[in-house]
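Enquirer: Fold the stuff below for me.
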Amino acid sequence: MITVAARRLIAATPLLALALAGCATVSAEAPTASVPAATTPALTATGTTGWGFPVYDVPADPAVRYLRLENGLKVAILQNKTPQNTVAVRMGFDAGVIDESDAEAGLAHFLEHMAFNGSRNVPEGEMIKLLEREGLAFGADTNASTGLEDTIYKLDLPRNDPKLLDTALMLMRETASELTLDPAAIDRERGIIQSETRTRNTFGRRRLKDYFDFVAPGTAFSQRFLAANTNANVDSFKAETMAGYYARLYRPDNATLVVVGDLDPAAAEAQIRAKFADWRPGSGALAQTEKGSIDFDRPLAARNFVDPGVPVLVAIDRFAPYAERPTTEAEFRRRLMVNLGGAVLGRRFAIIANAPNAPIIGGGAGTDDFFDVAAASSVTLQAKETPTGWQDALRVGENELRRLVTHGVTGAELKEQLANFATRYRTAAEQAATRRSPALAETILGTVQQQDLFVTPQAQYALFQKIAPGITPAAVSQAATAQFAGSQPLIHVSTKAPLPGGEQAILAAWREAAAAKVDAPAEGAGAVFGYTDFGTPSAIVSDTTVADLGIRQIRFANNVRLNLKQTDFETGRLRYRVRIGSGQLAIPKDRAAEAVFTGALFGAAGTGKHSLDQLQAILAGRQITYGLGVGEDSFQIGGNTTMGDFATQMQVSAAYVSDPGYRPEALARWKALVPAITAQLDATPAGVAQSKVPALVANGDPRFGVPDAAALAAVDTDILRADLADQLAAAPVEISVVGEFVPEQVIEAVAKSFGALPARRAALGDFTAARQVSFARDTTPVTLTHGGAADQALVQVFWPARDDSDPQEASTITLLAEVFGLQLLEEVREKLGATYSPQAGADLSDTFPGFGTLLTSIVVAPKDADKVFAAVEAITSQLRAAPVDADVIERARRPMLEKVVLSRRENAWWLGVLGESQLRADRLERYRTIEARLRKVTPEMLQAAAKQYLTPKRELKVRILPRAAEPK
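Expert: From the prediction side, this is the model:
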């Protein structure tokens, strides 16, 4: 089903919303016009959870302490020790966008904002400051989200002391029942809400709105999501209207509190009861929102969504009556069979997309529920940006769906997917002990609306092991066919310009595709992995230890280096990174587009012996990363896997380095992607800032930002092969492994793969000329344009700083950027109401000597650009004029210090420490002194840094305006 967590993501992540809207499920050839109602066999519960949710033959996780207070508040508490000494607190209300009336349009989201703007015991503007003093950063640790059906408040506590938990619970209780909703505070927030609306006005959200209107007309999801009167209502509603919404829906019997972390559940329960037991129940019965229904007898229909930024997408959806399906072994088996069928279909799309002259760029399939309104099945394909691209994608979608329904899955296809599924379930079970508290809290919260059970990964893996041996191709084919039946297809085609013939052209293309014969899929021949022998392993010539950091450093005779650090932070998992050569420094400036291609599609280019599809089939069931990434000063391969798969991962990575494929299908796919990439970058001011502004700041250096469409399309893999040949064949290699592993096995795996390759150079190349970068010499203000919404603009200011070679100065500048960010929040967001989330940062290079920047980036209405530039100048002038207030420094520094403490218990952080600890050993010392350097910074040091760097004489101002006129 589209779970509560997924619904939340729909509201929060436009691009993911687009994917969920299209890739939720799979469709098939038209069934009969009338669809019978879904039925669920009668079941007898063996018990209930503390929330009263029925338990059948699949046990709920017994470690979760469920309780329901007398006032109706649902509470869940789970002891979990990852990350250590931290606690995640989540409070959810079954109150979202669909619960608004016409007069309340936009109020669910607006009320979420008001939770941070004054309550009975916390004055307006003090909640965020209070949390910052405790080490919580706004946005990262303190946040909230509004979805279609719920609103979630989130606090991630960096410490597990009872006092901080008490503060968090106090703030949640203030949010639940004590908000003041002061009219003046509401007025001050209106501009911030409108700014966030502008920021989120992307083609993904616009497409999702059009999708809802098409597949679910008349439902609350269609009527309330991006309702036409939202903006006007946000500007004009009365405070009492919000108070009515608050009183109606923020009540204990409509709320859930989840606390997960390194704590004593009994003590946490006592604290929760002390804070929430006196929350008065709501008066009267809780009103239920009428969600509406989908017409399952609707005939075949099509719609063309047009937006200049959207990739060409074809979504084919079907719907059937919704059925409540409790958590049972039978339901697990049914969903497993259906998901296996969907995975086979998705794999077929991938094979088609990876072929030379492929008719599509990519595709996805699956089955799920459209909330609790309908059962849904869908496929989405990304088409090439050609005149007939959408037709080709529609044909592929229809044909492959019908091929699956008509001919089913093959034994080889099922074997591959069973191996992949087995790995996922097994890995989840093996790594369950170190699941992260924030994710667990949100998963538990996500069970509320459908009364799902929170089940351990071990229980799910046991179910899989029990069921999998009896799964046959015929059974999966039958389950997929049954699931993919439903209403007549609803076809949603997204294009940049209106299709000639519109909806009738889409329907005609569908009927033409449906008339074509589809043959049974070929069984496919197995292949043997061709990279198990790289030659004689090199001997170890150096094996030392950095004692205080717990790092073991090894060097092989061929100059391949290996760094090891064992931890218990993630059970059953290791993280690795292979650092190779000098990355973008080794690629000629005028061919910077090669770096973009390599990072995106080097994996798709395969190896000399195997295509990517062959590798994925041969290595099904293994956790493997394919390809190669490109950084400023290194090529990198990285990911996470298990000890059991590490040797294979090293073989695959060594194959990509020693025998890269440069296969034509990757280049063909790249050329098909370029128009979509460039159009999407042009579709928002943020995209233009990402693609064009970095080169302006770096005085025109083409390696910064994203090259233009012509340069991207001109990538030639023969030239790329020549450019990378020396780096891949002879440049230094440094491999780092962090986590839970057996050292001797890791050493052996590296020795037999990278350690068996020909000798590498012992030191990195200087690349002196390539390292020369300077800040823009011409600092005349720049105006760029974007092709997106007419009410979106972006203002940016850049100041030349320095590189990061002086660790203390780097820490001072970094803290200055944090202080700057707090001042922007106070002045530009809270006082001016001109933006939602102003950003400030420092980017100090460790690759380009002397190069670095301080910067700010702020999304605004076009008419507010000058006002915001003036506010930025006022803030920087103040930072130069006087030492920063001690409280402001502490609110900036404390979250940074807490982050350092937490980072030392994270494998990802340690991988960064190890990553070049031999090739660039001089940088190890800075990891030892991070906290001391931050604590050393004084107000006077910050003022001096502001005087030196935040000077108007060298600043570069950039404004990115819409090409379309802003509406008046």
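Enquirer: quick one: average pLDDT of the longest helix seen in the chain?
Expert: For the chain, the helix with the greatest residue count under DSSP state H is helix 329-354. In this model, helix 329-354 has a mean pLDDT of 95.
Enquirer: Tell me the helix or strand right after that helix.
Expert: Following helix 329-354 in sequence order, the next helix or strand is strand 360-370 (DSSP states H and E).
Enquirer: quick one: that following strand to helix 329-354, angle?
Expert: Per axes from the mean of the first three to the mean of the last three C-alpha atoms, to 10 degrees, the angle that strand 360-370 makes with helix 329-354 is 160 degrees.
Enquirer: so after strand 360-370, what's the next helix or strand?
Expert: strand 374-383.
Enquirer: gap between stretch 426-446 and the chain center?
Expert: Centre-to-centre, stretch 426-446 and its host chain are 17 Å apart (C-alpha atoms, centre = their mean, to the nearest Å).
Enquirer: show me where pLDDT drops low in the protein?
Expert: 1-42, 965-968 (pLDDT under 70).
Enquirer: Please repeat the previous calculation with a cut-off of 50.
Expert: Low-confidence segments of the chain (pLDDT under 50): 1-39, 968.
Enquirer: quick one: Gln796 is in a helix?
Expert: No: counting by DSSP: H, G, I helix; E, B strand; the rest coil, Gln796 is not part of a helix but strand.
Enquirer: can you count the residues close to it?
Expert: When neighbours are counted by other C-beta atoms under 10 Å, Gln796 registers 23. All C-beta spots, glycine's among them, are computed from the backbone N, C-alpha and C.
Enquirer: wait, what's in contact with it?
Expert: By C-beta atoms under 8 Å, 6 or more residues apart in numbering, the contact set of Gln796 is Ala689, Val693, Leu855, Thr856, Ser857, Ile858, Lys957, Val958, Arg959, Ile960.
Enquirer: Do I have it right that the fourth one meets Ala871?
Expert: No: proximity of Thr856 to Ala871 does not meet the contact threshold set by C-beta atoms under 8 Å, at 10.1 Å.
Enquirer: Look at the two and report which has more neighbours.
Expert: Thr856 (25 against 22).
Enquirer: Grab the CA positions of stretch 459-469 and hand them over as CSV.
Expert: C-alpha atoms of stretch 459-469 as CSV (Å, rounded to 0.1, in the frame of the first residue of the first chain):
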residue,chain,number,x,y,z
ALA,A,459,10.1,-12.6,11.7
GLN,A,460,9.8,-11.4,8.1
TYR,A,461,12.8,-13.4,7.1
ALA,A,462,11.5,-16.5,8.8
LEU,A,463,8.3,-16.1,6.8
PHE,A,464,10.2,-15.7,3.6
GLN,A,465,12.3,-18.8,4.3
LYS,A,466,9.1,-20.8,5.0
ILE,A,467,7.3,-19.6,1.9
ALA,A,468,10.0,-19.2,-0.8
PRO,A,469,10.8,-22.9,-1.4
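Enquirer: Quick check: buried residues in it?
Expert: Ala459, Gln460, Tyr461, Leu463, Phe464 (16 or more other C-beta atoms under 10 Å).
Enquirer: Show me those residues that map onto helices.
Expert: Per DSSP H, the buried residues of stretch 459-469 map to helices at Ala459, Gln460, Tyr461, Leu463, Phe464.
Enquirer: Once you drop chain neighbours, what's closest to Arg435?
Expert: Leaving aside its sequence neighbours, Arg435 sits nearest to Thr82 (C-beta to C-beta, 6 or more residues apart in numbering; 6.4 Å).
Enquirer: Hmm, that neighbour is touching Phe569, no?
Expert: Yes: between Thr82 and Phe569 there is a contact at 7.1 Å, judged by C-beta under 8 Å.
Enquirer: For Ala725, the count of nearby residues, please.
Expert: 11.
Enquirer: And Gln79, by the same measure?
Expert: Neighbours of Gln79 (other C-beta under 10 Å): 17.
Enquirer: Quick one: buried ones out of the contacts of Gln796?
Expert: So, by 16+ other C-beta under 10 Å, the buried ones in the contacts of Gln796 are Ala689, Val693, Leu855, Thr856, Ser857, Ile858, Lys957, Val958, Arg959, Ile960.
Enquirer: Starting from the helix or strand the last one falls within, tell me which strands it pairs with and how they run.
Expert: Read it as Ile960. In the assignment (DSSP H and E), Ile960 maps to strand 956-962. If you go by DSSP bridges, strand 956-962 pairs up with strand 782-786 (parallel), strand 793-800 (antiparallel).
Enquirer: For Glu100, find the nearest of these.
Expert: Nearest of those to Glu100, taken as C-beta to C-beta: strand 793-800 at 28.5 Å.
Enquirer: Can I get the closest one in PDB, CA atoms only?
Expert: Output of strand 793-800 as PDB, limited to C-alpha atoms (Å, rounded to 0.1, in the frame of the first residue of the first chain):
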ATOM      1  CA  ALA A 793      13.500  33.700  -7.900                       C
ATOM      2  CA  LEU A 794      16.800  32.900  -6.200                       C
ATOM      3  CA  VAL A 795      19.300  35.400  -4.800                       C
ATOM      4  CA  GLN A 796      22.900  34.400  -4.000                       C
ATOM      5  CA  VAL A 797      25.900  36.200  -2.800                       C
ATOM      6  CA  PHE A 798      29.400  34.800  -2.800                       C
ATOM      7  CA  TRP A 799      32.500  36.100  -1.100                       C
ATOM      8  CA  PRO A 800      36.100  34.800  -1.800                       C
END
